[in-house]
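Asker: dropping the sequence and predicted coords here.
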Amino acid sequence: MKKIINNPDNVVEEMLNGMVASHPEYLERLEGFDVVTRKNKKSDKVTLVSGGGSGHEPAHGGFVGKGMLDAAVAGAVFTSPTPDQVYEAIKAVDNGKGVLLVIKNYSGDVMNFDMAAEMAEADGIKVEKVVTNDDVAVENSTWTIGRRGIAGTILVHKIAGAKAEAGASLEDVKAVAEKVIANSRSMGMALSPCTVPAAGKPSFTLADDEMEIGMGIHGEPGTHRESITTADEITQQLLDKIFAEDIYHSGDEVAVLINGLGATPLMELYVVSGKVQTVLQEKGIKIAKTYVGNYMTSLEMAGCSISLLKLDAELKELLAAPADTPALVQF
Amino acid sequence: MKKIINNPDNVVEEMLNGMVASHPEYLERLEGFDVVTRKNKKSDKVTLVSGGGSGHEPAHGGFVGKGMLDAAVAGAVFTSPTPDQVYEAIKAVDNGKGVLLVIKNYSGDVMNFDMAAEMAEADGIKVEKVVTNDDVAVENSTWTIGRRGIAGTILVHKIAGAKAEAGASLEDVKAVAEKVIANSRSMGMALSPCTVPAAGKPSFTLADDEMEIGMGIHGEPGTHRESITTADEITQQLLDKIFAEDIYHSGDEVAVLINGLGATPLMELYVVSGKVQTVLQEKGIKIAKTYVGNYMTSLEMAGCSISLLKLDAELKELLAAPADTPALVQF
Amino acid sequence: MTAIEAIKLAGQAIIEEKDFLTDLDQAIGDGDHGINMARGFSSVFTKIDALKDDADISMVLKTVGMGLISSVGGASGPLYGTAFLRASAACKDKNAIDAVTAKEMLDAAIKGIQDRGKAVKGEKTMLDALIPASEAIGTGIDAGKNVVECLKDAVEAAQTGVEYTKTIIATKGRASYLAERSIGHQDPGATSSTTMLKALYEYVK
Amino acid sequence: MTAIEAIKLAGQAIIEEKDFLTDLDQAIGDGDHGINMARGFSSVFTKIDALKDDADISMVLKTVGMGLISSVGGASGPLYGTAFLRASAACKDKNAIDAVTAKEMLDAAIKGIQDRGKAVKGEKTMLDALIPASEAIGTGIDAGKNVVECLKDAVEAAQTGVEYTKTIIATKGRASYLAERSIGHQDPGATSSTTMLKALYEYVK
Ligand SMILES: Nc1ncnc2c1ncn2[C@@H]1O[C@H](COP(=O)(O)OP(=O)(O)O)[C@@H](O)[C@H]1O
Ligand SMILES: Nc1ncnc2c1ncn2[C@@H]1O[C@H](COP(=O)(O)OP(=O)(O)O)[C@@H](O)[C@H]1O
Ligand SMILES: [Mg+2]
Ligand SMILES: [Mg+2]
Ligand SMILES: [Mg+2]
Ligand SMILES: [Mg+2]
């Protein structure tokens, strides 16, 4: 395991300290908790709290700021934060307008955030929850726990955050978050695994000529493994799986997120993005906005995910709205 | 070699196409050349052209836009662009106010940009050059070719770009760029090498417990190799080398750039940044602004560099000025 | 027996199996189950050490439950945490645990896990160790066995349950993403449940 | 000889040595010298194929120089490009190259490389092959040798120069960053210069 860290058991603490110290204009640490909150809180808006295991940086602390999240809760690496941490985050940001929890669909995240919501509600805080589930690598059926939440979650932060910033009610912020969730899908692949610092060894192993398709952002094994092929073929394969969802059609307008998993050169992400643009154009799908970079990473995993979000007028406007956070600035 | 590409011989072309297609609001491709230019050109300002080998993305194309560069020229991977490409970039952006070339100090870059400047001057275009040389891993003496230009170059783009955007003359823009160069120093280390696509094999090899100190951003071997140690010790070592330059003293105010080399998790960069903040604080050096992320990468190299820039009132104001580019937005 | 000693043995057994549990979770999950549970029990140890000497069994279990909830995270944190809290409630004011109380406690724990996690038997979770264990205690009670004998049967049933998890597809938890490919692997949570039961039995036997 | 054929042989020799040159550059540079030069000559081939049949030596060399400048990049692009342009100027209107002209051309090339790169002999660059080569031609001329004999001596001198680069510290180019650690490695540019001289000699001999 090669990492620039001091101590696997202290890495989240040091990372959070470093993050807050690096961005004092944006972030504050909630004393005693693994929670970062927005520096210049606005007191008259619905607040958004998200979070999850650490190791996905800049998610989620990097998206705390104007027009996105009000607080992010950081669990141990790849492990959902505990309810008390989430509860403290909710209490820290609530201003009476209500709190929306943006939860990625994993059993652990859902249960821990649920417990926190119960604790906050017991205090009389209005709490609503949305659960993101954009990862089409995983089957969605009543017999499974449903699709996972991956990079598409960032688009929920962006759009629901903009809605809240604009002064919408908790119900309306939740509704627009649900709309993003319904209209976004993602699919990913990896060239290499990642190593949880405390585990000290990679989550899976791949031969020199192999890639993993549909793995999870916590190093969960993928749907299958195959020989590495060209960027164009990889991109087409990921897009085909997304298109199989029957959401994106000719004439639609979408946002695209080409997400690096942590160790992917931007050069490669741009090659993929170029192919995505071509394929969508051929399908008659218009692209309103493309994001390319590391948004929801998996430590030092090499690989990428592609996310599409179908836009309507409301989503398009909110996506374009200003955001001012350490990891995403838009004006 | 594991990469998400189609063809090593075509990767720069596809990358540039993908970049421009992904950011049509910011970038245009100069037809027939490996040059990206700013979309909404301002006709009454000094223009800035930079560039170098590819493989350092987002540098330099990602920094083309308002308040930074007007054009970036992309050479083959890790190879300086040819004079004709640079010449075309100069011609494309010049509006009569003059062009500043921001060149990283490598024999190849200096010679190719020099030739381009001669060609443009022969056309009657006013051209000035600055050569960045922030890398303290390399000795600077009259007997060597001097220090290399690495991540600190981005701070030149930012500050000289802001000066130009504010309407300063070519002489003044050049002067402030020189001031940044005189006051910025960087030092880097790597946990892993990188592979030039056309070469197909890594630039150097490191044992599982080794790190390379002071390597170049093109995979040039470093000053030495040692056993991997803690993030705190690595950070201290890099800072010690920077402090040996006798530029940064108690009472000074600086900007900090913690630069990932391409495959470094943001988590690790934040651990390093946290330590940098502590060390500077102990030395009585104030930090005006910290940047953390992938700014000047080396393909999929794992590792980081630390850059410091000593600020005066002018530099501080220009650093804080707005920028709107694919890779750096500030308002 | 003192409840604190028993918990310490269970926790130590988990900490000893940390790497094994993590390996199991790497194969079909995200490779943190051992790390999570070890972190949880380290934190629990500090908390029970701070308990008054006269803390009763219910109080100890409540401390364990709260401690796990606030330190484990992931899926197993709320599940085991809730399980210990419910077991605590099921033995309120008891100073000794007979077989019937043991079954009541285990059933309460199982109910808690199901309330939170909505899983049933056969979904490749900790329940596939715990439900058979509870059934075995029931059978033991019917056969007139004492609590130690019942616990012995429970451990055996849980171990059989762990073996059974190798044969089935996961439909709850992170392993469910693997569908058919989860077959052949034993469930980390069922394994850690069995480890704790076994430590308890070793202590009382 | 036709100049085009000679250039093609030199270029092919470089393309054949692409991996070797790149390996040399990986050791003390950035590992692209072979890639750069091979890309350059591929581009040059297209350009000289487009030349009129009656193109003279000077015209061919000019085309090579311009072609290398606009396709190689890095340090070697401007250096070799300038070298060929200067050699072209030095043989203007000549239809055959005798030993004296050959030396004039090589000296012009060397001067071009020095104008651009500011290096002298002993800095571990291509000059450590080219300058001895020129000196050897001079000695050959003094000894009354013809152009082929002179070229043979030039190749030998260049090869000795390449060996010599192994023994010295680089003070120009990317290898200079390595200081003492550049010792023991031969310079990629000196090697490619020698490769081209050798191909030329093989062609004319
Ligand atoms: N819904 C559920 N009901 C019961 N047990 C579950 C459920 N989901 C997961 N588990 C158990 O949790 C274990 C995984 O725990 P752990 O690895 O600590 O959490 P995570 O999956 O969040 O990383 C699984 O092996 C399984 O036994
Ligand atoms: N200033 C210089 N003068 C002469 N030759 C030089 C100079 N700098 C570099 N070289 C030559 O260029 C070679 C490297 O070329 P190449 O690898 O293509 O360029 P780069 O160093 O830009 O990657 C060196 O081996 C050396 O022979
Ligand atoms: Mg987990
Ligand atoms: Mg080069
Ligand atoms: Mg797990
Ligand atoms: Mg080179």
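Answerer: Done, it's in. Values in this document were obtained by computation on a predicted structure and should not be read as measured data. Ligands and ions are numbered 1, 2, ... in the order given.
Asker: from here on, just use CA atoms for contacts and neighbour counts.
Answerer: OK.
Asker: look up how far A:L30 lies from the residue lying closest to A:D94 once chain neighbours are set aside.
Answerer: If you skip the residues right next to it in sequence, A:D94 has A:T47 as its closest partner in space, 6.4 Å away by C-alpha to C-alpha, 6 or more residues apart in numbering or on different chains. Shown here: A:T47 relative to A:L30, a distance of 16 Å by C-alpha to C-alpha, to the nearest Å.
Asker: between these two, tell me which one has more neighbours.
Answerer: Regarding A:T47 and A:L30, a neighbour count based on other C-alpha atoms under 10 Å in any protein chain shown identifies A:T47 as having more, with 29 against 17.
Asker: just list whatever residues bridge to that one.
Answerer: Taking DSSP bridges, one finds A:V99 as the beta-bridge partners of A:T47.
Asker: can you give me the helices for the chain?
Answerer: You didn't pick a chain, so chain A it is. A:11-22, A:83-93, A:107-122, A:153-165, A:170-183, A:231-243, A:266-282, A:313-320 (DSSP state H).
Asker: that's the wrong chain, I wanted chain C
Answerer: Counting by DSSP H, the helices of chain C are C:3-16, C:18-28, C:33-49, C:57-69, C:76-90, C:99-117, C:127-142, C:147-165, C:188-204.
Asker: how about TSV for the ones you listed, with distance to B:K91 and mean neighbour count added?
Answerer: Shown next, in TSV, are the helices of chain C (distance: least, C-alpha to C-alpha, whole Å; neighbours: other C-alpha atoms under 10 Å in any protein chain shown):
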stretch	distance to B:K91	mean neighbour count
helix C:3-16	68	20
helix C:18-28	56	22
helix C:33-49	60	21
helix C:57-69	65	24
helix C:76-90	63	27
helix C:99-117	65	21
helix C:127-142	72	23
helix C:147-165	70	23
helix C:188-204	65	22
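Asker: of those, which approaches ligand 4 most closely?
Answerer: Among those, helix C:18-28 comes nearest to ligand 4, with 41.7 Å by C-alpha to the ion.
Asker: circling back to that earlier point, now the helices of chain C in a markdown table, with mean pLDDT and distance to ligand 6?
Answerer: What follows is those, written out as a markdown table (pLDDT from 0 to 100; distance: least, C-alpha to the ion, whole Å):
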| stretch | mean pLDDT | distance to ligand 6 |
| --- | --- | --- |
| helix C:3-16 | 96 | 53 |
| helix C:18-28 | 95 | 42 |
| helix C:33-49 | 96 | 46 |
| helix C:57-69 | 96 | 57 |
| helix C:76-90 | 97 | 54 |
| helix C:99-117 | 97 | 59 |
| helix C:127-142 | 98 | 62 |
| helix C:147-165 | 98 | 57 |
| helix C:188-204 | 96 | 52 |
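Asker: low pLDDT regions in chain A?
Answerer: Per-residue confidence for chain A (pLDDT under 70) gives these ranges: A:141-143.
Asker: one more time with 80, if that's ok
Answerer: Counting by pLDDT under 80, chain A shows low-confidence ranges at A:140-144.
Asker: which positions in it make contact with ligand 1?
Answerer: Counting by C-alpha under 6 Å from any ligand atom, the residues of chain A lying close to ligand 1 are A:T79, A:S107, A:G108.
Asker: what does stretch C:154-170 contact?
Answerer: Contacts with stretch C:154-170, where a contact means C-alpha atoms under 8 Å, 6 or more residues apart in numbering or on different chains, come from C:122-125, C:128-130, C:132-137, C:176-187, C:190-191, C:193-194, C:197-198, C:201.
Asker: from D:G77, how far off is the residue in chain C positioned nearest to chain A?
Answerer: Among all residues of chain C, C:A75 sits closest to chain A, at 3.5 Å; criterion: C-alpha to the nearest C-alpha. Computed as C-alpha to C-alpha, the C:A75 to D:G77 distance reads 59 Å.
Asker: likewise for C:S192?
Answerer: When C-alpha to C-alpha is applied, the distance between C:S192 and D:G77 equals 65 Å.
Asker: neighbours around C:K92, how many?
Answerer: Under the neighbour criterion other C-alpha under 10 Å, C:K92 is assigned a count of 12.
Asker: give me the buried positions along stretch A:174-181.
Answerer: A:K174, A:V176, A:A177, A:E178, A:K179, A:V180, A:I181 (16 or more other C-alpha atoms under 10 Å in any protein chain shown).
Asker: and it, C-alpha only, in CSV?
Answerer: Output for stretch A:174-181, consisting of C-alpha atoms alone and laid out as CSV, is shown next (Å, rounded to 0.1, in the frame of the first residue of the first chain):
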residue,chain,number,x,y,z
LYS,A,174,-37.2,17.5,-2.0
ALA,A,175,-39.4,17.3,-5.1
VAL,A,176,-36.6,18.7,-7.3
ALA,A,177,-34.1,16.3,-5.8
GLU,A,178,-36.4,13.4,-6.6
LYS,A,179,-36.7,14.7,-10.1
VAL,A,180,-33.0,14.7,-10.5
ILE,A,181,-32.8,11.2,-9.1
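Asker: give me the contact list for that stretch.
Answerer: Residues external to stretch A:174-181 that are found in contact with it (C-alpha under 8 Å, 6+ apart): A:100, A:128-134, A:152-153, A:155-156, A:159-160, A:163, A:309, A:315.
Asker: cool, stretch A:269-285 as well?
Answerer: Applying C-alpha under 8 Å, 6+ apart, the set of residues contacting stretch A:269-285 from outside is A:231-232, A:235-236, A:239, A:248-254, A:258-260, A:286-287, A:292-293, A:304, B:4-5, B:11, B:14-19, B:21-22.
Asker: if any of these are buried, give me the ChimeraX selection for them.
Answerer: Restricted to the buried members of these, where burial is judged by 16+ other C-alpha under 10 Å, the ChimeraX selection command reads as follows:
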select /A:231,232,235,236,239,248,252,253,254,258,259,260,286,287,292,293,304 /B:4,5,11,14,15,16,17,18,19,21,22
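Asker: spatially nearest residue to C:L61, not counting backbone neighbours?
Answerer: Nearest-residue entry for C:L61: C:S88, 5.1 Å, with adjacent residues in sequence omitted and distances by C-alpha to C-alpha, 6+ apart.
Asker: spit out the contact partners of residue 40.
Answerer: All of this refers to chain A. Taking C-alpha under 8 Å, 6+ apart, one finds A:Y26, A:G65 in contact with A:N40.
Asker: oops, chain C please
Answerer: In this structure, C:G40 makes contact with C:G67, C:L68, C:S71, C:V72, C:G77, judged by C-alpha under 8 Å, 6+ apart.
Asker: what sits against the second one?
Answerer: In other words, C:L68. If you count contacts by C-alpha under 8 Å, 6+ apart, C:L68 has them with C:G40, C:F41, C:S43, C:V44, C:G77, C:P78, C:Y80, C:G81.
Asker: quick one on the thing from earlier: in CSV: the helices of chain C, plus distance to ligand 3.
Answerer: Written out in CSV, the entries for those read as follows (distance: least, C-alpha to the ion, whole Å):
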stretch, distance to ligand 3
helix C:3-16, 17
helix C:18-28, 9
helix C:33-49, 7
helix C:57-69, 14
helix C:76-90, 9
helix C:99-117, 15
helix C:127-142, 18
helix C:147-165, 19
helix C:188-204, 12
